[in-house]
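**Student:** Below is the sequence, then the predicted model.
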Amino acid sequence: MSVAHDLDPPGELSAELSPNDLEAFWLPFTPNRAFKKKPRLIARAKDMHYYTPDGRAVLDATAGLWCCNAGHAREPIVEAIQAQAAELDFAPSFQFAHPKAFALSTRLAMMAPGDLDHVFFCNSGSEAADTALKIALAYWNIQGKGSKTRLIGRERGYHGVGFGGISVGGIVNNRKFFGGLLTGTDHLPHTYNRAEQAYCRGEPDWGAHLADELDRLAALHDPSTIAAVIVEPMAGSTGVLPPPKGYLKRLRELCDTHGILLVFDEVITAFGRLGFATAAERYGVVPDMITFAKGVTSGAVPLGGVIVRKPIYDAFMNGPEHAIELFHGYTYSAHPMAIAAGLATLDVYRDEGLFERARDLETDWADAAMGLKGKRHVADIRTIGLVAGIDLDSRDGAVGARAYEAMETAFGDYGMMIRITGDTIALSPPLTVSRDQIGEIFDTLAKVLEGLA
Ligand SMILES: Cc1ncc(COP(=O)(O)O)c(C=O)c1O
């Protein structure tokens, strides 16, 4: 075997990539062999569209991966990143810091409800979830309540792919291959019941009582062993499950009763996806921590973080002043490029009123989505904010195959990007989507479904 390294690129990437050129990249959460036989390549993007290497426009009905809420390659964000790259490429956040990290923290603290006033930066939603769980454990530990270690998530929950996140998460395939996971976790039941909730716009009436399962878990384990509950206010990755009316309030009450921290994983829901800065704001419920990522930079540079309530931060600010209070952090926590992108993105959201825009569009979006009711293969539709989940009936013995084909057809034949999970299609366009484009998204999807076996 040769040990020589060849750092020369194989040539300009083009639409004519040969199978060998595609071999080395192991795509995440993708059937690699199927993809490499029939690749879906994206070369550039602008506003509401992606473009393939041969210049075909693809309407983005998913904001990339739930993240490009301001649309693509927006000038103010691009310029801020370019300027930052030239001004300060990297500064460590361990023992040093650059001024803009404080500026973005302050703006995020102002955006978050209540006394959620302190921000810990990382680089992704997965890191944000694990960071929140670690802060919860350390918070109890430093107060002499080291027995409070149990972490409670929810069935069908998604909190990224770190060991903490998959342990409290509830998506079977994300867990079953990876051994024993974290010990000392448990799960609330998920909140979906088709018989009670089918074709629901917004929050379903049925299901608030499922929060009471926390009482049962508290009785089983004893509150003295439970550190935190983590839930997505709207479960996104599992296929769009809006919270039942009153569910999150009830969860907050029960966490207070039992002395358990409540974490909202807002990696998808923050930054306007539900028509508000945060889902916490939409639902009038103040959690103890909010995790965020994705929309904070409109997907332009990786950035994530956790916003924590003041009493949690204050609890750590004890002991000698020269001593580190939390033994946690990432080399790229508060990376200058990400911070610059974040500041510019928040400006775009504010200047263009994009959160309010999402709120204004919610009814039209829901009307258009519900127009698919009765179409071929459609088994249920759920909408909330600028999100829609469309369940398709599965083919016998081939769960996910029909939705996969829908995604391929939408991209290849109709120039539209959709996202799938199992046989659910999840739509979440940039908040800049026009009413015409909303119509286009669902008209196109109707055609795609019509042609599916
Ligand atoms: C609620 C939630 N938490 C965490 C994550 C993980 O984020 P990342 O892929 O940036 O690690 C996601 C990603 O979709 C998410 O939806």
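**Tutor:** That came through fine.
**Student:** I figured residue 446 was touching residue 374, is that so?
**Tutor:** No: the criterion here is Cβ atoms under 8 Å, and residue 446 misses it with residue 374 at 10.3 Å. (C-beta placed from N, C-alpha, C; glycine too.)
**Student:** So those two - more neighbours on which side?
**Tutor:** Neighbour count, other Cβ atoms under 10 Å: between residue 446 and residue 374, residue 446 has more, with 14 against 8.
**Student:** what residues does the stretch 101-250 of the chain put near the ligand?
**Tutor:** Contact residues (Cβ under 6 Å from any ligand atom) of the stretch 101-250 of the chain with the ligand: 124-126, 129, 158-160, 232, 236-237.
**Student:** Now tabulate those in TSV and tack on distance to residue 218.
**Tutor:** Shown next, in TSV, are those (distance: Cβ to Cβ, whole Å):
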residue	distance to residue 218
124	31
125	27
126	27
129	22
158	24
159	21
160	26
232	21
236	27
237	27
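**Student:** Which single one of these is nearest to residue 344?
**Tutor:** Closest approach to residue 344 among those (Cβ to Cβ): residue 124, at 19.5 Å.
**Student:** Leaving out the residues flanking it, which one is nearest to the closest one?
**Tutor:** residue 304 (4.8 Å; Cβ to Cβ, 6 or more residues apart in numbering).
**Student:** That neighbour contacts residue 127, doesn't it?
**Tutor:** Yes: Residue 304 is within contact range of residue 127, at 5.5 Å (criterion: Cβ under 8 Å).
**Student:** Overlap of the contact sets of those two?
**Tutor:** Counting by Cβ atoms under 8 Å, 6 or more residues apart in numbering, no residue touches both residue 304 and residue 127.
**Student:** In contact with residue 420: list those residues for me.
**Tutor:** Residue 420 touches 400, 403-404, 406-407, 426, counting by Cβ under 8 Å, 6+ apart.
**Student:** 7 Å - rerun?
**Tutor:** 403-404, 406-407 (Cβ atoms under 7 Å, 6 or more residues apart in numbering).
**Student:** need the contact list for the residue of the stretch 251-400 of the chain found nearest the ligand.
**Tutor:** Using Cβ to the nearest ligand atom, the single residue of the stretch 251-400 of the chain nearest to the ligand is residue 267, 3.5 Å away. When contacts are counted by Cβ under 7 Å, 6+ apart, residue 267 is found next to 125, 128, 291-294.
**Student:** Residue 42 now?
**Tutor:** With Cβ under 7 Å, 6+ apart, residue 42 has these contacts: 50, 52.
**Student:** redo that, cut-off 10 Å
**Tutor:** Neighbour list for residue 42: 50-53, 58, 60, 64, 411, 417 [criterion: Cβ atoms under 10 Å, 6 or more residues apart in numbering].
**Student:** Where helices are concerned, which of the residues you listed count?
**Tutor:** 64, 411 (DSSP state H).
**Student:** Residue 125 reaches residue 290, doesn't it?
**Tutor:** No: using Cβ atoms under 10 Å, residue 125 makes no contact with residue 290, being 11.9 Å away.
**Student:** The closest residue to the ligand within the chain - how many residues pack around it?
**Tutor:** Using Cβ to the nearest ligand atom, the closest approach of the chain to the ligand is made by residue 125 at 2.2 Å. As a burial measure, residue 125 scores 29 neighbours (other Cβ under 10 Å).
**Student:** mind listing the strands in the stretch 101-250 of the chain by residue range?
**Tutor:** For the stretch 101-250 of the chain, the strands defined by DSSP state E, counting those that start in this stretch occupy 116-122, 150-154, 185-188, 200-201, 226-231.
**Student:** now swap in the stretch 351-453 of the chain and tell me
**Tutor:** 378-384, 387-392, 416-417, 419-421, 424-427.
**Student:** how about residue 306, secondary structure?
**Tutor:** strand (DSSP: H, G, I helix; E, B strand; the rest coil).
**Student:** Just the pLDDT at it, thanks.
**Tutor:** With respect to pLDDT, residue 306 scores 99.
**Student:** check contacts around it.
**Tutor:** Counting by Cβ under 10 Å, 6+ apart, residue 306 has contacts 116, 118-122, 127-136, 263, 265, 289-292, 312.
**Student:** what does residue 340 give?
**Tutor:** Contacts of residue 340 by Cβ under 10 Å, 6+ apart are 77, 79-85, 87-88, 98, 100, 103-104, 297, 300-301.
**Student:** are any of these buried, and which?
**Tutor:** If you count burial by 16 or more other Cβ atoms under 10 Å, the buried members of the contacts of residue 340 come out as 77, 80-81, 84, 88, 98, 100, 104, 297, 300-301.
**Student:** Can you flag which of the residues you listed belong to helices?
**Tutor:** Per DSSP H, the subset of these in helices is 77, 80-81, 84, 100, 104.
**Student:** Out of those, which is nearest to residue 359?
**Tutor:** So of those, ranked by how close each gets to residue 359 (Cβ to Cβ), first place is residue 77, at 22.2 Å.
**Student:** ok, for the closest one, nearest residue in space, not its chain neighbours?
**Tutor:** residue 344 (4.5 Å).
**Student:** can you tell me the helix or strand for the one you found?
**Tutor:** helix 336-351 (DSSP states H and E).
**Student:** is that helix up against the ligand anywhere?
**Tutor:** No: using Cβ under 6 Å from any ligand atom, helix 336-351 never reaches the ligand; the gap is at least 12.2 Å.
**Student:** In that helix, which residues are buried?
**Tutor:** So for helix 336-351, counting by 16+ other Cβ under 10 Å, buried means 336-346, 348-349.
**Student:** Save the residues you listed as JSON lines, and put in distance to residue 396 and pLDDT too.
**Tutor:** Shown next, in JSON lines, are the buried residues of helix 336-351 (distance: Cβ to Cβ, whole Å; pLDDT from 0 to 100):
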{"residue": "336", "distance to residue 396": "53", "pLDDT": "98"}
{"residue": "337", "distance to residue 396": "49", "pLDDT": "98"}
{"residue": "338", "distance to residue 396": "46", "pLDDT": "98"}
{"residue": "339", "distance to residue 396": "51", "pLDDT": "98"}
{"residue": "340", "distance to residue 396": "51", "pLDDT": "98"}
{"residue": "341", "distance to residue 396": "46", "pLDDT": "98"}
{"residue": "342", "distance to residue 396": "47", "pLDDT": "98"}
{"residue": "343", "distance to residue 396": "52", "pLDDT": "98"}
{"residue": "344", "distance to residue 396": "50", "pLDDT": "98"}
{"residue": "345", "distance to residue 396": "45", "pLDDT": "98"}
{"residue": "346", "distance to residue 396": "48", "pLDDT": "98"}
{"residue": "348", "distance to residue 396": "47", "pLDDT": "98"}
{"residue": "349", "distance to residue 396": "45", "pLDDT": "98"}
